[in-house]
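Enquirer: I would like the atomic coordinates for the input below:
(one chain, ligands or ions: 1)
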Amino acid sequence: MARYSTANEELQAVLSALLDEEKAERAEHADLMKGLSLAQKKAEGLAVYPLRFQEGIIYRGGRWKLRFEHDPLSHRITEGAPVKLFRDDEVTDGIAVRISSAAIDVVVDDYPDWIEEGKIRLEASFPDLTWREMRFALQQMLEAEDQKGEKGQRARLRDRLLGYTELSALTLESEPHRSNELNASQDEAVTGILNTPDFAVVHGPPGTGKTTTLVAAIAALYRREESVLVCAATNAAVDLLALKLDEQGIPVLRIGHPARVYDAAQALTLEGRMESRSEAKLLAKYRAEAAQLFRQARRFRRSFGAAERAERESLFAEYRALQKTIREMEKTALGDIIERTPVVCATLTGASHPSIREKRFTTVVIDEATQALEPACYIPLLKNPERIIMAGDHQQLAPLIRLPASPLSETLFAKMIERHKDSGRVFFLNEQYRMQPVILGFSNQRFYEGRLVTHDSVLNRPPMRMKPEAEVSLTGSLLFVDTAGSDATEEQDADSESRFNRFEAMLLVRIVERMLRLGEDDPESVALIAPYRAQVDLLRSLCSDVATLPTGQAIEVDTVDSFQGAERDWIGVSFTRNNEEAEIGFLKDLRRTNVAMTRARRRLILVGDSTTLSMHPFYADLIAYAQSESSYFSVWEEPFASLVDL
Ligand SMILES: Nc1ncnc2c1ncn2[C@@H]1O[C@H](COP(=O)(O)OP(=O)(O)OP(=O)(O)O)[C@@H](O)[C@H]1O
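Expert: Now for the predicted structure:
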């Protein structure tokens with residue numbers, strides 16, 4: 001139960017923590033950006049330099065997409081992140097889209113004419129909007145106290161969510177939801193969602209069909225003619241849900257900055273929905289004209305004479321006026337489309353988008369609720385829905401908090417799971433469709449009280465086999481390769497202070513390479529995960545020499561955080577830490593390790609130093625588990641001693 005006596009008191013504590021956290025993050029960002037040299041920013045992954053401008057093309061909503069190339073390097077700029085572009089004293093704001101190892105696209109509102117020359121630098125910028133919206137939503141939740149009408153309703157819902165109101169038991173009337181494809185626990189969750197008078201919580205451990213369940217529930221709500229706002233913490237998750245709903249024939253609208261919506265979901269955005277409308281042709285014509293005006297204007301360089309400058313100015317003015325018309329037409333059409341579309345998908349921050357400011361929804365769904373700070377979950381709740389559905393898994397990664405012991409570190413989802421255990425509103429999905437049982441086993445014991453079972457489709461997969469010429473047999477789905485007693489040791493990157501471990505990186509890449517060569521099961525996807533950026537960089541450089549997968553795809557390498565929600569056929573994990581103090585840093589967040597261990601469908605290869613890891617009881621148990629499953633190997637024993645000539 002909560003430690004506070006009223007919801008108001010609790011939210012006051014959350015608000016003050018939010019303000020402190022924002023201050024700390026803002027200061028850290030400013031300090032980093034000010035105090036670090038360009039080389040350090042690059043090493044931290046916060047800057048990309050030098051960028052070479054390739055082209056600029058007119059983008060959705062009259063914006064511009066600028067394409068740059070750079071030498072291959074890893075960085076922390078993610079798709080959809082706010083960035084700044086610099087050249088000398090010139091600067092412009094933008095949003096990063098479509099990132100690859102040697103190219104990056106940035107969407108900007110207006111074309112910066114200095115961008116074509118010189119070396120351009122890109123830096124991560126602070127996400128002001130997100131913080132502003134979180135602050136606003138939380139304040140609204142606080143002010144809802146003692147108010148009548150809609151605000152009063154908001155307070156009642158808030159008090160229920162946070163456990164300050166007695167709840168009546170939920171009666172599950174089975175309502176037909178026309179999906180025979182759900183398993184029993186998914187079916188119960190959907191029934192609960194359809195029957196709850198206030199909220200339902202869906203706890204979906206890895207691979208248990210959280211998305212499948214939510215889509216079935218939303219489809220049923222849609223058939224009941226309810227309006228639903230579907231939110232998630234990340235753009236990728238929102239797009240996935242929107243596409244799945246669309247596949248079910250449900251008319252959805254994806255709201256968000258066009259630069260943050262992936263191609264596949266573009267058809268569901270305003271622009272996509274506009275294609276079939278009468279204004280579409282006229283808009284296309286205006287856009288072509290705008291592009292033409294822009295090109296004409298740019299033919300006159302600034303250094304030309306007064307007449308050319310005047311001509312340039314007048315063309316630019318015409319261009320801007322046309323852009324304004326385009327935006328206004330889009331706005332009117334948006335209003336109309338929103339009116340007619342009952343299911344809207346957006347990120348939590350996107351829920352405050354002006355285009356849906358006035359729209360009411362009967363149900364708000366929040367997927368990936370464990371990846372969002374509590375105040376972010378209140379943004380869609382400002383819509384005063386009757387019903388809230390939260391889905392997630394609090395045993396996986398939570399948002400990173402800078403300040404220790406902050407009331408923010410517990411997510412709203414985790415609070416609800418804890419406070420509503422006996423309310424009949426928490427639904428646990430217990431059947432998983434991803435991992436071979438031996439991969440799941442340890443995580444199941446440690447995080448899910450052994451309640452997860454594996455679906456037959458996984459159990460009936462053909463066993464792994466080695467090629468006849470293979471001199472060793474490694475057909476188990478789980479391998480823990482212990483580097484204890486070897487030369488393996490961790491090092492620290494001088495610039496970024498991130499950790500790496502050459503021996504482990506080399507060992508892991510070689511194991512994967514040999515297995516690819518000698519195994520008969522050709523994986524369609526292989527990913528290597530490390531908790532430290534420096535180790536990720538090292539693994540990436542080693543992987544570039546390794547043959548690609550039989551499908552021609554490359555081996556992916558990244559930090560744990562970027563694989564949350566994803567799955568691959570094979571996963572290799574390099575724990576990296578190896579030191580006399582038995583200091584394990586990041587690995588202490590066991591939820592991070594849980595995510596790393598539960599991404600693999602067929603094969604999970606763990607490489608680490610038992611001496612360092614075993615000082616922590618969780619890792620000691622993990623190693624004992626591998627031993628009990630005959631999945632533990634020392635690097636000095638066969639088959640590794642001969643498999644890997646280090
Ligand atoms: N009832 C079901 N019958 C058959 N397959 C299912 C069922 N439910 C889920 N699956 C399959 O399990 C896989 C995972 O489902 P889904 O993507 O819905 O899971 P999730 O819980 O959202 O995953 P994550 O672990 O990423 O959160 C998918 O391949 C899906 O087709």
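Enquirer: Close to the ligand: what parts of this structure are there?
Expert: Listed as neighbours of the ligand in the chain under the rule Cβ under 6 Å from any ligand atom: 181-183, 186, 204, 206-212, 433, 565. Bear in mind the C-beta positions are built from the backbone N, C-alpha and C, glycine included.
Enquirer: So which bits of stretch 426-442 are buried?
Expert: 426-442 (16 or more other Cβ atoms under 10 Å).
Enquirer: Which residues are in contact with the residue nearest the centre of the chain?
Expert: Taking Cα atoms, centre = their mean, the centroid of the chain lies closest to Thr234, which sits 4.7 Å from it. Residues counted as contacts of Thr234 (Cβ atoms under 8 Å, 6 or more residues apart in numbering) are Thr347, Glu368, Gln371.
Enquirer: Enumerate every residue touching the last one.
Expert: With contact taken as Cβ under 8 Å, 6+ apart, Gln371 is in contact with Ala233, Thr234, Gly392, Leu397, Ala398, Pro399, Gln564.
Enquirer: can I get those residues in a markdown table with pLDDT?
Expert: Output for the contacts of Gln371, formatted as a markdown table (pLDDT from 0 to 100):
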| residue | pLDDT |
| --- | --- |
| Ala233 | 90 |
| Thr234 | 86 |
| Gly392 | 96 |
| Leu397 | 90 |
| Ala398 | 89 |
| Pro399 | 89 |
| Gln564 | 81 |
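Enquirer: returning to what we had before: Serialize the contacts of Thr234 to a markdown table and add fields for pLDDT and secondary structure.
Expert: As requested, the contacts of Thr234 are arranged in a markdown table below (pLDDT from 0 to 100; DSSP: H, G, I helix; E, B strand; the rest coil):
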| residue | pLDDT | secondary structure |
| --- | --- | --- |
| Thr347 | 93 | strand |
| Glu368 | 93 | coil |
| Gln371 | 93 | helix |
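Enquirer: Can you list phi and psi of whichever residue of the stretch 51-200 of the chain sits closest to the ligand for me?
Expert: Here the residue of the stretch 51-200 of the chain nearest the ligand is Asn183; by Cβ to the nearest ligand atom that distance is 4.6 Å. Dihedral angles of Asn183 (phi, psi; degrees, to the nearest 10) stand at phi -80, psi 180.
Enquirer: Find the nearest non-adjacent residue to it, please.
Expert: Leaving aside its sequence neighbours, Asn183 sits nearest to Glu431 (Cβ to Cβ, 6 or more residues apart in numbering; 4.8 Å).
Enquirer: can you pull up the bridge partners for that neighbour?
Expert: Beta-bridge pairing of Glu431 under DSSP bridges involves Val453.
Enquirer: quick one: it and Asp456 touch, right?
Expert: No: the pair Glu431 / Asp456 is not scored as a contact, 9.6 Å apart, by Cβ atoms under 8 Å.
Enquirer: hey, what's in contact with both of those two?
Expert: Taking Cβ under 8 Å, 6+ apart as the criterion, Glu431 and Asp456 do not both touch any residue.
Enquirer: if we can go back for a sec, show me just the buried residues among the residues of the chain next to the ligand.
Expert: Neighbour-count burial (16+ other Cβ under 10 Å) applied to those gives 182-183, 186, 204, 206-212, 433, 565.
Enquirer: ok, so of those, who is nearest Glu271?
Expert: Thr211 (24.7 Å; Cβ to Cβ).
Enquirer: Let me know the next secondary structure element after the helix or strand harbouring His29.
Expert: Using DSSP states H and E, His29 maps to helix 7-35. Once the chain leaves helix 7-35, the next helix or strand it forms, by DSSP H and E, is helix 38-44.
Enquirer: elements contacting that next one?
Expert: On a contact count with 3 or more Cβ pairs under 8 Å, 6 or more residues apart in numbering; DSSP states H and E, helix 38-44 meets helix 7-35, strand 47-58.
Enquirer: Now do the first one and strand 47-58, the angle between them.
Expert: Right, the one you point to is helix 7-35. Orientation of helix 7-35 against strand 47-58 (axes from the mean of the first three to the mean of the last three Cα atoms, to 10 degrees) gives an angle of 100 degrees.
Enquirer: Now helix 7-35: buried residues?
Expert: Neighbour-count burial for helix 7-35 flags 7-8, 10-11, 14-15, 17-18, 21-22, 25, 29, 32-33 (criterion: 16+ other Cβ under 10 Å).
Enquirer: Then stretch 358-365?
Expert: For stretch 358-365, a neighbour-count test (16+ other Cβ under 10 Å) marks Lys359, Phe361, Thr362, Thr363, Val364, Val365 as buried.
Enquirer: Reformat the buried residues of helix 7-35 as CSV; add pLDDT.
Expert: Formatted as CSV, the buried residues of helix 7-35 follow (pLDDT from 0 to 100):
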residue, pLDDT
Ala7, 91
Asn8, 90
Glu10, 95
Leu11, 95
Val14, 96
Leu15, 94
Ala17, 94
Leu18, 95
Glu21, 94
Glu22, 93
Glu25, 89
His29, 81
Leu32, 70
Met33, 73
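Enquirer: Which of the residues you listed sits closest to Lys467?
Expert: Leu32 (49.7 Å).
Enquirer: Was I right to think that closest one contacts Ala47?
Expert: No: applying Cβ under 8 Å, one finds Leu32 not in contact with Ala47, separated by 9.9 Å.
Enquirer: shared neighbours of these two, anything?
Expert: Common neighbours of Leu32 and Ala47, using Cβ under 8 Å, 6+ apart, are Lys41.
Enquirer: Neighbours of the closest residue to Trp64 other than its chain neighbours, how many?
Expert: Of all residues not flanking Trp64 in the chain, Tyr111 sits nearest, at 4.8 Å (Cβ to Cβ, 6+ apart). Around Tyr111 there are 18 other residues, counting by other Cβ atoms under 10 Å.
Enquirer: I'd guess Tyr111 is in a helix, am I close?
Expert: No: applying DSSP: H, G, I helix; E, B strand; the rest coil, one finds Tyr111 to be coil, outside a helix.
Enquirer: got the contact list for it?
Expert: Tyr111 touches Gly56, Trp64, Phe294, counting by Cβ under 8 Å, 6+ apart.
Enquirer: Now with 10 Å, please.
Expert: Contacts for Tyr111 (Cβ atoms under 10 Å, 6 or more residues apart in numbering) come out as Gly56, Ile58, Arg63, Trp64, Leu66, Thr92, Phe294, Ala297, Arg298, Phe316, Tyr319.
Enquirer: now swap in Ile388 and tell me
Expert: Ile388 makes contact with 157, 160-161, 196, 198-201, 363-366, 369, 377, 380-381, 412, 416 under the criterion Cβ under 10 Å, 6+ apart.
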